[in-house]
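Novice: after the sequence you'll find the predicted model.
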Amino acid sequence: MDHRTGPADDTPDPSAIPTFPSTPSSGDGDTLAPSALPTTTSSGDAGHPDQPGHPDHPDHSGHSGHSGSPGASRVSDISDMSESAVFARTTPDLPGVSDPVARLSLDALIEAAAEPPPGALARLLTVTRSVRRPAATTGFAAPYAARVAAMDALLASATPEDWLQEIVEGWTLQQLVAHLAATDSLVAAAIGAPVAGPEPVAGEVLARTADMLAFVAGQPPERTRADWRAQADAICRHAASMDPATPVAPGGMSFAVSDHLLARMLETWIHADDAATVIGHSLPLPLAAHIHPTADFCARLLPWTMLLSGTDGGGRAIRLTLTGPGGGAWHVPLDVARTAVPDDGSPADAAITCDAVAFCFLLGGRGAPATFPAEVEGDAGLARDVLHSAPALSGP
């Protein structure tokens, strides 16, 4: 699944559909450093992005996978657990997990162990904070950095058999990671970050993916994982020093760098869920603070999905209300020359109310528009057109 971002503020040519073509990386002396990446398949050397003790950690069940029902199985927050409960999910040789994401790795470990000694929980939390962090945990890069950490935690738990499993689009887990690296590399090249894999020649997602798949053929899966993670971290480092509104123009199409990173967050989130579903692991939802900007990004894409689907939305608008963690309400003009904004009570031709996570996954191509659960008021035909066109910008 690739996402072609729509602009936050600029007025574009309505005939142009944004893409992520590649431009040569300018570099800045930074290099990909896979040697700093984990090379073990232990479930304890990476984690997921939810802050321990964060009040926004949701309790959500189910999976999306290929059925389009997004979700995550319930995961406990270790800061709310007794020491006995925490150590019931750990082993004595746990090497540590990336801060700020202890819970994912802990949840994958054994369910019963002896009573820990006094103070053991505090020591465990100290260990989890002493190892490698996500590349960026604040600012507009945080949602993407956190999903990268979650995906990396899932890959850390993968067995040799898991790496050979077919996940989506006929790709094995290793090939899926190569696809993520390929799509990420288009953004990396555009912002001058080091690029994984061969020198970018193809500026289109599927062509770049083909190049990357050829590059990783015969490569150990952990090498593919390390290169993908190193590039993702480099993207976060470079983006963190940029103003979020900085135009990034791969292939001459100029959009805010913050939108490109939200697109990368959404694809990483969806493909991590694809992989987790197939190999039988659980991933918690992102923080509400990370879901909300992603949902906002998806709301702003609706005029573009309508345009790409050949549906004329000009002059009309909807009110979009997204429920659950990360939700909100937006007034969405269905014209690419205008931008969705937080709902201000302006007139709308139709109102759509649905779950925020399900809506993001629908935009990402996970879900059937015809059966998508939503409450509709006003022009039912317009609402149907909006939902049916929503996945138009999704890709493999």
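Specialist: In hand now; what should we look at?
Novice: could you report the neighbour count for the nearest residue to residue 155 once chain neighbours are set aside?
Specialist: Among residues not flanking residue 155 along the chain, residue 225 sits closest, at 4.9 Å (CB to CB, 6 or more residues apart in numbering). The C-beta positions use only the backbone N, C-alpha and C, and glycine is treated the same way. Residues lying near residue 225 (other CB atoms under 10 Å) number 27.
Novice: surely residue 225 is within a helix?
Specialist: Yes - the assignment for residue 225 is a helix, going by DSSP: H, G, I helix; E, B strand; the rest coil.
Novice: and the longest helix anywhere in the chain, which residues are buried?
Specialist: Counting by DSSP state H, the longest helix found in the chain is helix 257-279. Neighbour-count burial for helix 257-279 flags 257-279 (criterion: 16 or more other CB atoms under 10 Å).
Novice: for the residue nearest to residue 155, give me the pLDDT.
Specialist: Note on residue 225: pLDDT of 97.
Novice: for residue 180, see how far away it is.
Specialist: 10 Å (CB to CB, to the nearest Å).
Novice: next one: residue 266
Specialist: Counting by CB to CB - residue 266 and residue 180 are separated by 12 Å.
Novice: the nearest residue to residue 176 once chain neighbours are set aside: what's it in contact with?
Specialist: For residue 176, ignoring the flanking residues on the chain, the nearest one in space by CB to CB, 6+ apart is residue 167 at 4.8 Å. Neighbouring residues of residue 167 by CB atoms under 8 Å, 6 or more residues apart in numbering: 173, 176, 271, 274-275, 278.
Novice: and the residues you listed, which is closest to residue 361?
Specialist: residue 274 (10.5 Å; CB to CB).
Novice: just checking, the closest one touches residue 173?
Specialist: No - Residue 274 lies out of contact with residue 173 (CB atoms under 8 Å); the separation is 9.5 Å.
Novice: could I get the contacts of residue 167 as TSV with pLDDT and distance to residue 146?
Specialist: Shown next, in TSV, are these (pLDDT from 0 to 100; distance: CB to CB, whole Å):
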residue	pLDDT	distance to residue 146
173	98	20
176	98	19
271	97	15
274	97	18
275	97	16
278	96	22
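Novice: tell me the SS of residue 357?
Specialist: helix.
Novice: quick revisit: could you list every helix and strand in contact with the longest helix of the chain?
Specialist: Under the contact definition 3 or more CB pairs under 8 Å, 6 or more residues apart in numbering; DSSP states H and E, helix 257-279 sits against helix 142-156, strand 166-168, helix 173-191, helix 221-240, strand 247-248, helix 288-308, helix 356-363.
Novice: 6 Å instead?
Specialist: Applying 3 or more CB pairs under 6 Å, 6 or more residues apart in numbering; DSSP states H and E, one finds that helix 257-279 contacts helix 142-156, strand 166-168, helix 173-191, helix 288-308.
Novice: name the helix or strand for residue 315, please.
Specialist: Following DSSP states H and E, there is no helix or strand that holds residue 315.
Novice: mind checking how far it is from residue 333?
Specialist: Separation of residue 315 from residue 333 (CB to CB): 9 Å.
Novice: cool, and residue 390?
Specialist: If you go by CB to CB, the gap between residue 390 and residue 333 works out to 16 Å.
Novice: same question, residue 235
Specialist: 31 Å.
Novice: which of these two has more neighbours?
Specialist: It is residue 235, of residue 235 and residue 333, that has more neighbours when counted by other CB under 10 Å, with 29 against 20.
Novice: quick one: low-confidence ranges for this structure?
Specialist: 1-138, 250-253 (pLDDT under 70).
Novice: mind checking the SS state of residue 347?
Specialist: From three-state DSSP, the assignment for residue 347 is coil.
Novice: and it, how far from residue 172?
Specialist: 50 Å.
Novice: what's the answer for residue 383, then?
Specialist: Taken as CB to CB, the span from residue 383 to residue 172 is 39 Å.
Novice: which one of the two is surrounded by more residues?
Specialist: residue 383 (20 against 17).
Novice: for the helix or strand harbouring the more buried one, buried residues please.
Specialist: Element membership for residue 383, per DSSP H and E: helix 380-389. Going by neighbour count (16+ other CB under 10 Å), the buried part of helix 380-389 is 382-389.
Novice: packing partners for it?
Specialist: strand 350-355.
Novice: what residues does the strand it packs on touch?
Specialist: 318-321, 323-324, 374-379, 382-383 (CB atoms under 6 Å, 6 or more residues apart in numbering).
Novice: how does it look with 7 Å?
Specialist: For strand 350-355, the external contacting residues (CB atoms under 7 Å, 6 or more residues apart in numbering) are 318-324, 373-379, 382-383, 386.
Novice: tell me the buried residues within those.
Specialist: By 16+ other CB under 10 Å, those give 318-324, 374, 376, 379, 382-383, 386 as buried.
Novice: and which of those is nearest to residue 161?
Specialist: residue 324 (34.5 Å).
Novice: how far away is that closest one from residue 341?
Specialist: 21 Å.
Novice: same deal with residue 323?
Specialist: Taking CB to CB, one finds residue 323 at 19 Å from residue 341.
Novice: and the furthest pair within the contacts of residue 167?
Specialist: 271 and 278, at 10.8 Å, using CB to CB across those.
Novice: residue 242: how many residues sit nearby?
Specialist: Count around residue 242 with other CB under 10 Å applied: 18.
Novice: hmm, back to that, out of the buried residues of helix 380-389, the closest to residue 187 would be?
Specialist: Once CB to CB is applied, the member of the buried residues of helix 380-389 that ends up nearest residue 187 is residue 389, at 24.8 Å.
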